[in-house]
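# mind looking at a prediction? Sequence and model below.
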Amino acid sequence: MKRFFGLARAAMTAAVLGGWIALAPSSLMADDLLTIGSDAPALDVEHWVQNGEGKFGKVTKFQKDKVYVVEFWATWCGPCVASMPHIVETQAKYADKGVQIISISDEPKETVDEFLDRKVPRSEKEMTFRDLTKSYCLTTDPDGSSNESYMQAAGQNGIPCAFIVGKDGKIEWIGHPMQMDDALDSVVAGKWDRKAFAEEFKEQQEMGALQMKVQREVGGLLRDRDFKGALAKFDELTSKIKSPEAKIQFTMMKLNLHKIANSEQSEVAKTLKDALALASSNPMMSNQVAWTIWEMTEQGQIKSDKELLGEALKVAQSAAGKQEGQTKAATLDTVAHLQYGLGNLAEAIKTQKAAVAIDGSNADIKGFLEELEEEAKNKK
């Protein structure tokens with residue numbers, strides 16, 4: 001069963017299977033990085049394209065006792081576009097609590113305007129991206145000064161990336177906007193433990209530096225088509241990682257490396273099993289890895305392996321049991337796909353109905369249920 005995947009699913013896939021791009025080494029030392037507890041740099045954004053329909057003014061310096069989310073995005077970035085509905089929901093939730101979201105691209109204004117006039121695909125209500133994003137501040141800064149002040153200064157290489165600026169004008173949190181809900185709740189409520197997160201984020205920045213080194217050194221071997229050497233160098237550079245979260249991330253990078261190297265199916269399957277084992281305690285990553293296994297199987301990138309699909313199903317089912325709301329619905333959607341892949345059409349329909357009951361507004365989730373029910377009808 002083939003299907004077109006929605007924005008959120010595109011974001012997930014892009015996050016897992018990011019391209020191997022040789023990155024220039026950062027000239028910043030660890031002590032120089034913009035990090036948690038740093039003063040948030042002033043903004044100098046050239047084009048304020050959307051302003052919450054006049055509710056928000058332009059920002060240069062951050063006002064005391066207000067909370068800001070400074071998010072970096074681009075029109076060409078699938079995960080950025082996929083995050084837009086969530087950003088809209090977040091701005092609506094906190095609009096009356098002193099929170100202002102500012103999304104910053106570095107593209108020409110004409111490029112952004114052209115993008116905003118496109119229709120949002122697979123939306124139940126017909127609208128353009130301009131309609132979708134009208135409730136928050138969507139901007140672009142073509143000279144790249146904002147990107148330099150935040151992204152480069154913090155050693156962040158991937159977008160979307162959000163910076164939460166607290167009531168005292170300091171950086172409270174940095175990360176993917178789809179993962180900022182708990183932190184933003186705590187910052188707004190005055191319950192955020194900045195010191196604890198600073199320690200956690202320090203490790204993340206160190207892992208970011210390692211990722212740059214891996215991409216640089218392994219990428220050089222890939223350019224020379226030394227695939228065996230690239231895999232060996234990858235294992236050498238990542239052998240001392242201790243953080244479970246980092247191990248998952250680098251294992252998924254290794255999976256992408258296997259794809260480029262056209263590795264044996266047995267090696268790819270082993271890496272996928274390693275990823276499943278590492279992700280089992282993290283519901284979001286469990287869903288991510290399980291979906292990757294389904295998608296690679298469906299697209300013929302790996303041979304159909306009922307044992308592997310079964311393991312992925314167990315991990316995804318366990319993850320769904322620990323989740324609520326839209327994240328639970330997304331994981332149930334993965335469960336249903338795996339059940340379908342294993343030939344359990346009736347179970348897949350039952351699971352997908354549960355997903356629709358939770359998130360009935362998701363066109364992809366509803367669409368897959370319709371496909372499953374149509375197939376069941378045709379089999380009668």
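Arrived safely, thanks for sending.

# for the helix or strand encompassing Glu203, packing partners?
Using DSSP states H and E, Glu203 sits in helix 194-223. Helix 194-223 is packed against strand 171-175, helix 227-238, helix 244-261, with contacts defined by 3 or more CB pairs under 8 Å, 6 or more residues apart in numbering; DSSP states H and E. (Glycine included, C-beta is placed from N, CA and C.)

# select, out of these, the one closest to Glu375.
Checking these against Glu375 by CB to CB gives helix 244-261 as the closest, at 29.5 Å.

# would you map out the domains in this structure?
Domains of the chain are assigned by automatic domain parsing as 26-199, 243-379.

# of all those domains, which one is nearest Asp224?
Nearest to Asp224 among the domains of the chain is domain 243-379 (12.5 Å), distances taken as CB to CB.

# of all the domains of the chain, which one is nearest Gly229?
Among these, the nearest to Gly229 by CB to CB is domain 243-379 (10.1 Å).

# now the closest one: how far from the chain's centre is it?
Distance of domain 243-379 from the chain centroid (CA atoms, centre = their mean, to the nearest Å) equals 16 Å.

# what is the end-to-end distance of that domain?
48 Å (CA to CA, to the nearest Å).

# so how far is Leu222 from the residue nearest to Lys213 when sequence neighbours are not counted?
In this structure, Lys213 finds its nearest non-sequential neighbour in Leu237, 6.4 Å apart by CB to CB, 6 or more residues apart in numbering. Distance check for Leu237 against Leu222: by CB to CB, to the nearest Å, it reads 14 Å.

# neighbour-wise, which of the two wins?
Looking at Leu237 and Leu222 with other CB atoms under 10 Å, you find the greater number of neighbours at Leu222, namely 20 against 16.

# isn't Ser286 up against Gln323?
No. Here Ser286 lies out of contact with Gln323, judged by CB atoms under 8 Å, at a distance of 9.6 Å.

# comparing the helices and strands packed on helix 194-223, which comes out most buried?
Ranked by mean neighbour count, those are led by strand 171-175 with a mean of 23 (mean count of other CB atoms under 10 Å).

# quick one: that one to chain centroid distance?
In terms of CA atoms, centre = their mean, the gap separating the centre of strand 171-175 from the centre of its chain is 15 Å.

# which residues touch whichever helix or strand comes after it?
Following strand 171-175 in sequence order, the next helix or strand is helix 181-189 (DSSP H and E). Contacts to helix 181-189, defined as CB atoms under 8 Å, 6 or more residues apart in numbering, come from residues 67, 69, 90, 94, 97-99, 164, 166-167, 172-173, 175, 192-193, 197.

# check what pLDDT the closest residue to Gly360 other than its chain neighbours gets.
The shortest distance from Gly360 to any non-neighbouring residue, by CB to CB, 6+ apart, is to Lys366 (6.7 Å). Lys366 is assigned a predicted lDDT (pLDDT) of 95.

# count of neighbours near Lys366?
Counted with other CB under 10 Å, the neighbours of Lys366 add up to 16.

# list the buried residues for the helix or strand containing it?
Lys366 belongs to helix 363-379 when elements are defined using DSSP H and E. Neighbour counts using 16 or more other CB atoms under 10 Å place Asp364, Ile365, Lys366, Phe368, Leu369, Leu372 of helix 363-379 among the buried residues.

# which pair of those residues spans the longest distance?
Comparing every pair within the buried residues of helix 363-379 by CB to CB identifies Asp364 and Leu372 as the most remote, at 12.7 Å.

# rewinding a little: what angle separates the helix holding Glu203 from helix 244-261?
Between helix 194-223 and helix 244-261, the angle comes out at 20 degrees (axes from the mean of the first three to the mean of the last three CA atoms, to 10 degrees).

# which parts of helix 194-223 are buried?
Neighbour-count burial for helix 194-223, counted by 16+ other CB under 10 Å, picks out 194, 197-198, 201, 204-205, 207-212, 214-215, 217-219, 221-222.

# ok, which stretches of the protein are strands?
Under the criterion DSSP state E, the chain contains strands at 47-51, 67-72, 99-105, 137-140, 161-165, 171-175.

# ok, back up a step: what is the mean pLDDT for the helix holding Glu203?
Helix 194-223 comes out with an average pLDDT of 87.

# how distant is it from the center of its chain?
Computed by CA atoms, centre = their mean, the chain-centroid distance of helix 194-223 equals 17 Å.

# and the angle from that helix to helix 181-189?
Going by the same axes, to 10 degrees, helix 194-223 makes 150 degrees with helix 181-189.

# distance check, Ala363 against Met207.
Distance of Ala363 to Met207, given as CB to CB: 35 Å.

# what of Leu369?
Distance of Leu369 to Met207, computed by CB to CB: 38 Å.

# also Lys259?
Distance of Lys259 to Met207, given as CB to CB: 22 Å.

# likewise Ile101?
On the measure of CB to CB, Ile101 and Met207 end up 27 Å apart.

# swap in Lys61?
The value you get for Lys61 to Met207, if CB to CB is used, is 32 Å.

# one more: Ala330?
With CB to CB as the criterion, Ala330 and Met207 are 25 Å apart.

# and what of Ser280?
Counting by CB to CB, the gap from Ser280 to Met207 is 20 Å.

# cool, Leu34 as well?
Counting by CB to CB, the gap from Leu34 to Met207 is 17 Å.

# what do you get for Asp226?
Asp226 is 25 Å from Met207, by CB to CB.

# kindly report the same for Thr35.
According to CB to CB, Thr35 and Met207 sit 14 Å apart.

# which regions of the stretch 1-150 of the chain sit below the pLDDT cut-off?
The model of the stretch 1-150 of the chain has pLDDT under 70 over residues 1-31.

# related to what we said a few turns ago, quickly list what's touching both of Ser286 and Gln323.
Common neighbours of Ser286 and Gln323 (criterion: CB under 8 Å, 6+ apart): Thr331.
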